[in-house]
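J.: The sequence and its predicted three-dimensional model are supplied below.
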Amino acid sequence: MRKIAAIVVALITYGSLWPFDYAPHAASWADVRYILFDWPAHLSVISSVSNVILFVPLGVLIPALSKRFAGRVALFWASVLFAWILQYFQFWFPIRTPDVSAAVFNVLGLGVGLALHSSATAVLKRLQPVARDFPEFWQVPTALMACWILYRWFPLMPSPDVQNVKNALKPLFRAPHFDAVAFLHDLVAWLVFLRLSRYSALAKLHRHWLAWACVAVVLAEPGFEGKLLSWANVAGVLAAVAVMPVFYRGKASLAVLLGLQFLSLCLSELHPFEFTAHAKFLWLPFSGMMEGSVVVNLDALIEKTYVYGSLLFLLDYYGVRWKTAATAVGVLLLGLEWLQQYIPGKTPESTDAVLAVLLGFAIHSYLRRQPAGTVRMPVGNA
């Protein structure tokens, strides 16, 4: 868990100082007073939300790093100090704007993370009697499944507006179009979701109820702000439910599912297969995500976490070493991103490859922290 925390701290530092346009700056007490007491006249909602989100993972990890209350308090205040230090360092990076509000929202993010950990702990305690019959790693697929549902309903803003529902249903009736690549993407994603359910907190839920729950998730999307429902979405979940018995268990079906994941990944990254443009490749990781809409970029990050994380988890479950799996997926994504230089509307960058390696390392670190003596379920019986 300490290794995962180190990665989170490194990513927070990366996001706070990006794009690293260093310039000499003379340190002074005036700078310290500024980041401690001078509240900005105008606050950006996007910037404030970003600063909260940035520190949420660190808040989630604090209780996991220390079981003692005194240790958790020390880690919390160390994290608060870390937030202010990052603001101070931004004086040496002119594009960044150091101010006390950013640090305050960082601390708020820590609080949100602590609250999320507390809520998750309460839920896990309720599931503990059931979890005894699960594989030792049931939390990982459960978290991945939650990412997929979060992506389907993001940004989790229910809308009672009838017009919002009408707008969400327009692609189905006013402009019907069937995208085969999008259909394959949703079909595979839901098949993976159903497969992961066998190793998750929903393992004892009857598969017919689980299938209905998947359909309900899709049908509920028009009730959330800014969501659109297409024929590919509907057909994807219905097809996944129809072929669910084939892919729900067994080593052979898992191998086929992994193959479909790789195929869907390649087609989705290269769609619409029009190799005409030539965009600049962004070698600095997360460059594209640092720009543009926070909501759109966070939505994409959640989806990629599910797609890449589930692929790496299933490869690990199948018996592929995590270094081999993470390297293979990372190299594949780097190659696909490189080809995106010639596809209009794409943002070719190294982010996806780096994200896959980080997810592979995080999943491996979490799975290996289980107590000695736990036995993994045989893949052939899965």
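T.: Alright, I've got the coordinates.
J.: isn't residue 37 right next to residue 103, touching?
T.: No - using C-beta atoms under 8 Å, residue 37 is not in contact with residue 103, being 11.5 Å away. C-beta here means a position set from N, CA and C on the backbone, and glycine is covered the same way.
J.: okay, these two: which has more neighbours?
T.: residue 103 (23 against 8; other C-beta atoms under 10 Å).
J.: wait, is that one part of a strand?
T.: No - secondary structure of residue 103 (DSSP: H, G, I helix; E, B strand; the rest coil): helix, not part of a strand.
J.: Go ahead and confirm it touches residue 35.
T.: Yes - with contact defined as C-beta under 8 Å, residue 103 counts as touching residue 35 (6.8 Å).
J.: joint contacts of these two?
T.: The contact sets of residue 103 and residue 35 overlap at 84, 87 (C-beta atoms under 8 Å, 6 or more residues apart in numbering).
J.: Excluding chain neighbours, give the residue nearest to residue 188 in space.
T.: Nearest non-adjacent residue to residue 188, counting by C-beta to C-beta, 6 or more residues apart in numbering: residue 264, 4.3 Å away.
J.: what helix or strand is that neighbour on?
T.: Using DSSP states H and E, residue 264 falls within helix 251-270.
J.: So for that helix, what gets flagged as buried?
T.: By neighbour count with 16 or more other C-beta atoms under 10 Å, helix 251-270 contains the buried residues 253-254, 257-258, 260-261, 264-265, 267-270.
J.: nearest to residue 182, of those?
T.: Among the buried residues of helix 251-270, residue 268 lies closest to residue 182 (C-beta to C-beta), at 8.1 Å.
J.: so what's that closest one up against?
T.: Residue 268 neighbours (C-beta under 8 Å, 6+ apart): 181, 184-185.
J.: and those, which of them are in strands?
T.: Within these, no residue falls in strands by DSSP state E.
J.: Which single one of the residues you listed is nearest to residue 90?
T.: Closest approach to residue 90 among those (C-beta to C-beta): residue 185, at 39.0 Å.
J.: From residue 307, how far off is that closest one?
T.: Remark: distance between residue 185 and residue 307 (C-beta to C-beta, to the nearest Å) = 9 Å.
J.: Can you give the domain ranges for the protein?
T.: The chain breaks down into these structural domains: 2-124, 133-381 (assignment by automatic domain parsing).
J.: Would you reformat those as CSV and include mean pLDDT?
T.: Output for these, formatted as CSV (pLDDT from 0 to 100):
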stretch, mean pLDDT
domain 2-124, 87
domain 133-381, 88
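J.: Check those for me and report the most buried one.
T.: Across these, averaging neighbours per residue (mean count of other C-beta atoms under 10 Å) puts domain 133-381 on top, at a mean of 17.
J.: to the chain's geometric centre, what's the distance from it?
T.: Relative to its chain's centre, domain 133-381 lies at 10 Å (C-alpha atoms, centre = their mean, to the nearest Å).
J.: likewise stretch 47-59?
T.: On C-alpha atoms, centre = their mean, the centre of stretch 47-59 falls 14 Å from that of its chain.
J.: does the residue lying closest to residue 15 once chain neighbours are set aside count as helix, strand or coil?
T.: Leaving out its chain neighbours, the residue that sits closest to residue 15 by C-beta to C-beta, 6+ apart is residue 54, at 5.8 Å. Counting by three-state DSSP, the backbone at residue 54 sits in helix.
J.: what's residue 282 sitting at in phi/psi?
T.: The phi and psi torsions at residue 282 (degrees, to the nearest 10) take the values phi -90, psi 110.
J.: looking at it, it is touching residue 288, isn't it?
T.: Yes - with contacts counted by C-beta under 8 Å, residue 282 reaches residue 288, the gap being 6.1 Å.
J.: shared neighbours of those two, anything?
T.: Residues touching both residue 282 and residue 288 (C-beta under 8 Å, 6+ apart) are 347, 349, 351.
J.: Could you find the closest non-adjacent residue to the first one?
T.: The spatial neighbour of residue 347 that comes closest, neighbours along the chain excluded (C-beta to C-beta, 6+ apart), is residue 288 at 4.3 Å.
J.: With just CA atoms, put stretch 101-111 into PDB.
T.: Provided in PDB are the C-alpha atoms of stretch 101-111 (Å, rounded to 0.1, in the frame of the first residue of the first chain):
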ATOM      1  CA  SER A 101      -7.700  28.600  -2.000                       C
ATOM      2  CA  ALA A 102      -6.000  25.800  -4.000                       C
ATOM      3  CA  ALA A 103      -4.500  24.400  -0.800                       C
ATOM      4  CA  VAL A 104      -7.800  24.700   1.100                       C
ATOM      5  CA  PHE A 105      -9.600  22.800  -1.700                       C
ATOM      6  CA  ASN A 106      -6.800  20.200  -1.600                       C
ATOM      7  CA  VAL A 107      -7.500  19.700   2.100                       C
ATOM      8  CA  LEU A 108     -11.200  19.400   1.300                       C
ATOM      9  CA  GLY A 109     -10.300  16.700  -1.100                       C
ATOM     10  CA  LEU A 110      -8.500  14.900   1.800                       C
ATOM     11  CA  GLY A 111     -11.700  15.100   3.800                       C
END
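J.: Quick one: residues in contact with it.
T.: Looking at what lies outside stretch 101-111 - C-beta under 8 Å, 6+ apart - the contacts are 35, 39-40, 43, 47-48, 51-56, 58-59, 62, 76, 79-80, 83-84, 86-87.
J.: same question, stretch 303-315
T.: With C-beta under 8 Å, 6+ apart as the criterion, stretch 303-315 contacts 140-141, 144, 147-148, 151, 189, 192-193, 195-196, 254, 257-258, 261-262, 265, 322, 325-326, 329, 333, 352, 355-356, 359-360, 363.
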